[in-house]
Every structure is written in structure tokens, then in C-alpha cells.
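Asks: attaching a predicted model along with its sequence, questions to come.
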Amino acid sequence: GADSTLAAGETGGDIVIEAGSISLTSVNASGGKSTATGDHAGGAAGDITLTANNITGSKTITINGGISAKGGEGSGAGASGVAGIVDLALADDTIAGQVNLNSNSFLSSSLTVKGSAHSGDTLTLTNSNNDWLITAANTGEVRDADNSVSSPVVSFSGFENIVGGSDADNFVIDSTGSVASISGGTGTGINTLTGRDVNNTWEIGGNNQGVVKEGATTYAQFTNIQHLVGGSLNDTFDFSIATSATISGSINGGDALAEAGTVVNTIKGRNGSSIWTITGANQGNIKETPTSNADEYLREFGNIHNLTGGTAADIFDFSAANAAISGKVDGGATGNNEIIARKNVINTWGMTGNESGDLAVTVDLTTSYVNEFDHIQVFTGAGNDTMSFENFATGTVKVTLGSTGSTGVTSFIGKDNADAEIVKA
């Protein structure tokens with residue numbers, strides 16, 4: 001609608017287009033603004049209805065600029081005009097369709113986007129920082145991440161595939177949400193995916209890609225996602241699926257209550273030699289060995305309580321001052337696996353078996369910084385550590401001294417009535 005300098009703003013006209021495919025630079029049905037002296041209302045916006053119906057063998061709606069159905073501003077104390085309704089829809093289920101919203105910034109009007117009954121429809125929002133919330137199967141809403149309080153809302157349904165833009169996209173999947181695929185888009189933005197508040201299994205199948213499951217059911221496949229965040233229950237992040245499994249950003253187990261022991265999150269490493277560097281409480285990073293082929297396949301993890309190695313040799317490095325894992329470090333059933341203890345302190349290795357136990361600073365034995373370990377064959381102490389077998393379960397205590405067994409350990413405490421073998425490698 002036209003602006004008015006004499007009275008109320010004019011009403012915007014309705015825009016209705018139905019075609020096989022629709023491509024527009026922008027679409028505007030906004031009401032006119034009043035700049036007249038006194039109190040005059042703004043004009044009501046018209047409605048926008050766009051439908052792609054496959055009559056030409058394709059089914060795409062592309063808008064390369066803004067979409068606006070805002071009511072016009074009033075003058076003085078005059079009210080703004082009523083906003084229009086914006087509906088975009090894909091009709092006909094014989095082929096997959098696409099809706100591409102390519103505005104340089106987030107849209108200025110709320111709208112509803114409906115997919116068809118076909119199982120392969122795709123919704124793409126590019127060139128803005130988007131917050132996506134998937135609330136049900138192929139259903140959800142998108143807001144402007146830079147203006148979440150007053151952002152217009154894109155409400156969508158019937159889209160099995162959703163694609164972010166060139167900036168940062170944040171995807172959150174609600175308790176019943178699911179889609180066939182989530183793509184962070186093709187830009188350089190750093191994208192994040194947060195899983196359901198359930199027991200999730202994340203299978204990392206390549207570079208920043210994989211699937212997330214509840215039980216045996218996959219509820220989203222993802223690509224170009226640099227950060228993964230677990231839900232409020234137990235999350236397992238599994239890198240053993242593929243030799244190229246990589247998350248270039250971070251993994252967060254996802255729930256603050258986990259630190260209190262109510263939730264336990266786990267990372268399983270690649271089935272290759274790995275160095276796990278623990279940098280603080282339940283946090284660190286992972287890279288491949290040997291050093292000559294170093295590959296940091298997880299730059300950062302946090303809120304992770306169990307670490308599980310792969311089928312080759314794993315090294316778990318706790319040499320940092322505050323390094324700690326509150327759950328279990330498991331080297332894996334195969335490989336020659338090593339724990340490196342904290343430096344510049346005297347540690348006590350509390351052995352419950354020849355490859356299992358816990359690890360604490362000697363002056364504070366009640367607080368283990370490795371709560372439990374298993375399948376560890378190489379123990380690297382700080383120089384004057386103690387290895388205690390007082391809580392050894394059953395069988396013969398076997399200790400190997402040297403680079404293939406125990407180094408940096410100078411004191412050994414045995415167990416009454418238990419046989420012991422000490423071998424120098």
C-alpha cells in the first residue's frame with residue numbers, strides 16, 4: 001500500500017501466485033505508512049500466497065530478497081496497520097520440492113511454509129544466523145539468532161530436509177522432533193546441533209557428519225555440523241564408525257546435572273591409535289598418533305565422563321594440573337594402552353587388577369582424578385609414584401618395569417597372601 005501524507009496509509013494488495021515453480025527477487029504486500037499531521041492509522045498489509053504445484057515438471061519456490069507483509073506505521077498516536085498472512089506451499093506429491101529463502105538478512109515478516117506429501121522436500125534459509133527448533137516430525141520454526149526476542153518466525157511443516165545458510169546455524173531437536181537430514185549449509189559459518197533430551201547415540205561417520213539416534217531409531221542425519229551438544233540424559237559420541245570420523249569444533253555432553261553424577265556421557269574413539277589429552281575436569285581433545293601424522297579429530301570436548309579407546313593403542317594423558325575424568329577410562333579390549341599421570345605431584349595407582357584400578361594424588365586418596373580405569377597396560381607416573389595392590393581382586397599380581405609397563409613409579413604396595421611377579425623389561 002502507498003504511504004500517505006494526508007490521511008491513513010493505504011491498504012496493501014493481496015499477492016497470489018500459483019505455478020509449477022516460482023522465482024522472485026522479493027515480494028512485498030506491506031501496508032502504507034501515514035505521515036499526515038495528527039493521529040492516523042497505518043494501512044493494513046495484504047496477504048501473500050505462493051504455491052508451487054508441479055504443472056511444469058518442477059516444484060520450487062525461490063525468493064532471493066525480502067518477504068514483507070507488515071502493517072504500515074501510523075502517525076502520531078495512530079495504530080500500525082494489521083500485518084498480512086504469508087503462506088508458501090508445495091503442492092502435488094509426485095516429485096520432491098524445494099523452498100529457498102535467500103534474503104541477505106532475516107525476513108521482516110513471519111510466514112508459514114508447508115511441504116507436500118512427498119518424502120523428499122527441502123527448506124533452505126541462507127545468509128543469516130538462524131535458530132532452528134525442530135518440534136515434531138519434519139516440523140518446526142526458525143528465528144533470527146541475532147534478534148531472538150522480537151524475531152519474525154518461519155513456521156514450517158512437511159520438510160524432511162532442512163539446510164542452513166552461509167552464517168552460523170543453531171539446530172535444536174525437541175523431544176519428539178525429527179527430520180531426515182540437517183545440513184549446516186555451504187558457507188563458512190560454524191554450525192551447532194543439539195540432540196533430544198533422551199539417551200542419544202551419535203555416530204560420527206565422516207568430517208562433521210553422522211547420525212543421531214534414540215535407541216536403534218535414527219531421528220536425524222547431519223552434515224557440515226562443527227559442534228554437537230547432547231541432551232539432558234546419557235549421550236554416547238561414537239567415532240569408531242569410520243576412520244575419517246571428525247568433529248572440527250567441539251562436543252559437549254549437554255547437561256549441567258551430569259557433573260553431580262546423575263548423567264554419564266561417553267566418547268568412543270576411532271579404531272586407530274589415539275592420544276587423548278585431558279585438559280581439565282571431564283574435558284580435553286583427541287588426535288591420532290603417530291605424531292608425524294597428527295590429526296586432531298576432536299578439537300575440544302567437555303562434560304564427558306567416560307572415555308573408551310578403539311582397537312589400536314590409546315594414550316590417555318592426564319599430565320595437566322587439573323586433568324580429571326569422573327567416570328571410566330577404558331583403553332579398549334585390544335591394543336597396548338597407556339595412562340600418563342599428573343606431573344609435579346606424587347600419585348597413587350590403586351590397582352584392582354593388573355590392568356584396572358583408579359588414580360589419585362597421594363595426599364588426597366579420597367578423591368580420584370581417574371575414578372576408574374580398565375584395559376590399561378602401560379602406567380607412566382610422575383617420578384615418585386606409588387602403585388598399590390591392597391585392593392587387588394584375585395589372581396597373581398604382575399608388574400612390568402620399563403617402557404612397556406610401569407615407569408615413574410618407585411614404590412609398590414602388595415596384598416597379603418597374593419602372589420606377585422615383578423619383571424624388568
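Replies: Received the coordinates, thanks. Numbering: from 1, shown residues only.

Asks: so Trp349 is in contact with Thr410, correct?
Replies: No - counting by CB atoms under 8 Å, Trp349 does not reach Thr410; the two are 11.8 Å apart. To be clear about C-beta, it is placed using only N, CA and C from the backbone, and glycine gets the same treatment.

Asks: who's more crowded, those two?
Replies: Just comparing Trp349 and Thr410: by other CB atoms under 10 Å the higher neighbour count belongs to Trp349, 25 against 12.

Asks: how much space is there between the more buried one and Thr380?
Replies: Look at Trp349 and Thr380: by CB to CB, to the nearest Å, they are 10 Å apart.

Asks: buried sites along stretch 160-171?
Replies: For stretch 160-171, burial by neighbour count (16 or more other CB atoms under 10 Å) applies to 160-165, 167-171.

Asks: out of the residues you listed, list just those in strands.
Replies: With DSSP state E as the criterion, strands contain 161-163, 169-171 from among those.

Asks: what is the nearest of the residues you listed to Val212?
Replies: Minimum distance to Val212 across these is 10.6 Å, recorded for Phe171 (CB to CB).

Asks: ok, now which ones touch the closest one?
Replies: The contact partners of Phe171, by CB atoms under 8 Å, 6 or more residues apart in numbering, come to 132, 134, 162, 164, 182, 191-194, 222, 225.

Asks: hmm, 6 Å instead?
Replies: Contacts for Phe171 (CB atoms under 6 Å, 6 or more residues apart in numbering) come out as 132, 182, 193.

Asks: part of a helix, is the last one?
Replies: Okay, so that is Leu193. No - with DSSP: H, G, I helix; E, B strand; the rest coil as the criterion, Leu193 is assigned strand and is not in a helix.

Asks: that one contacts Ala220, correct?
Replies: No - contact criterion CB atoms under 6 Å: Leu193 and Ala220 do not qualify, at 7.6 Å.

Asks: mind checking pLDDT for Asn417?
Replies: Confidence at Asn417, expressed as pLDDT, is 65.

Asks: next: Asn127.
Replies: What the model reports as pLDDT for Asn127 is 74.

Asks: so it sits in a strand?
Replies: No - counting by three-state DSSP, Asn127 falls outside a strand, being coil.

Asks: show me what contacts it?
Replies: Asn127 neighbours (CB under 6 Å, 6+ apart): 104, 165-166.

Asks: just give me the neighbour total for Ser273.
Replies: Ser273 has 21 nearby residues by other CB under 10 Å.
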